[in-house]
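K.L.:
here are the coordinates; sequence isn't available:
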Ligand SMILES: [Zn+2]
């Protein structure tokens, strides 16, 4: 599944609870964090035609960040950094596993490679998780899901008054929420828009 979908799924989960802004960000970022193990693609592409190519992407993507141990590390880090510690750490475990699930169902490579999830890495080579019905990364269910998640994110922004933009700029976030509420009415005041 693409990082944008992982991000929006995690944002949606973060908004199922009453979390402060920092915790919402931590839960959301933890849901994307497993894919940091794909950054080796930069080294791999750059050294592709050299005498000592680094195959960090082929070797480590869907390995280093996609296992239970990483989930526990992310939850522990969130516990230390968040305000509502226990709730945030639990939600991180949830978004982490939704990430793995998303990859198992919808991350087949264009070459048909299934990118198995080594759930017990580095402690055991058992449990390499795949699913026979897995669809490709750019297949329609993924595109549909991304669009649906965008709609949910806009709805949440309208309803709850915050969007992922709050992670970069509160001003931009307020502008988006303001625009949505001007168009669709302010849910907190119970006012409906003027339809003319
Ligand atoms: Zn992933």
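P.N.:
In hand now; what should we look at? Everything numeric here is computed off the predicted structure, so don't read it as measured data.
K.L.:
what bits of the chain have low per-residue confidence?
P.N.:
Low-confidence segments of the chain, defined by pLDDT under 70, span residues 190-196.
K.L.:
Strands of that one, residue ranges please.
P.N.:
With strands called from DSSP state E, the chain shows them at 117-118, 128-129.
K.L.:
mind listing what the last one pairs with, with the direction of each?
P.N.:
Meaning strand 128-129. Strands adjacent to strand 128-129 in the sheet, as given by DSSP bridges, are strand 117-118 (antiparallel).
K.L.:
what comes into contact with the partner strand?
P.N.:
Outside strand 117-118, the residues within contact range by CB atoms under 8 Å, 6 or more residues apart in numbering are 62, 63, 66, 67, 100, 103, 104, 125, 127, 128, 129, 130. Bear in mind the C-beta positions are built from the backbone N, C-alpha and C, glycine included.
K.L.:
Now for these: which two are most distant?
P.N.:
Largest separation among the contacts of strand 117-118 by CB to CB: 103 and 125, giving 18.4 Å.
K.L.:
Look at these two and report which has more neighbours.
P.N.:
Ranked by neighbour count (other CB atoms under 10 Å), residue 103 and residue 125 place residue 103 first, with 25 against 9.
K.L.:
before we move on, back to that, so which of the contacts of strand 117-118 would you say is closest to the ion?
P.N.:
residue 103 (4.4 Å; CB to the ion).
K.L.:
Within range of the ion, give me the residues from the protein.
P.N.:
Taking CB under 5 Å from the ion as the criterion, the neighbours of the ion within the chain are 34, 35, 103.
K.L.:
Can you verify my assumption that the second one contacts residue 6?
P.N.:
What it means is residue 35. Yes - under the criterion of CB atoms under 8 Å, residue 35 is in contact with residue 6, at a separation of 6.8 Å.
K.L.:
Give me the more crowded residue out of the two.
P.N.:
residue 6 (23 against 19).
K.L.:
where's residue 12 relative to residue 157, distance?
P.N.:
For residue 12, the distance to residue 157 (CB to CB, to the nearest Å) stands at 11 Å.
K.L.:
Check residue 47 too.
P.N.:
Residue 47 sits 42 Å away from residue 157, taking CB to CB as the criterion.
K.L.:
Neighbour count: these two, which is higher?
P.N.:
The residue with the greater number of neighbours, taking residue 47 and residue 157 and applying other CB under 10 Å, is residue 157; the counts read 21 against 14.
K.L.:
What distance do you get for the more buried one to residue 166?
P.N.:
Residue 157 sits 9 Å away from residue 166, taking CB to CB as the criterion.
K.L.:
what about residue 14, neighbour count?
P.N.:
Using other CB under 10 Å, residue 14 has 25 neighbouring residues.
K.L.:
Does it touch residue 22 like I think?
P.N.:
No - in this structure, residue 14 sits apart from residue 22 without contact. The criterion is CB under 8 Å, and the distance is 10.9 Å.
K.L.:
for the protein, what spans make up the helices?
P.N.:
Taking DSSP state H to define them, one finds helices in the chain at 3-14, 21-30, 40-46, 56-60, 68-81, 85-106, 140-160, 170-184.
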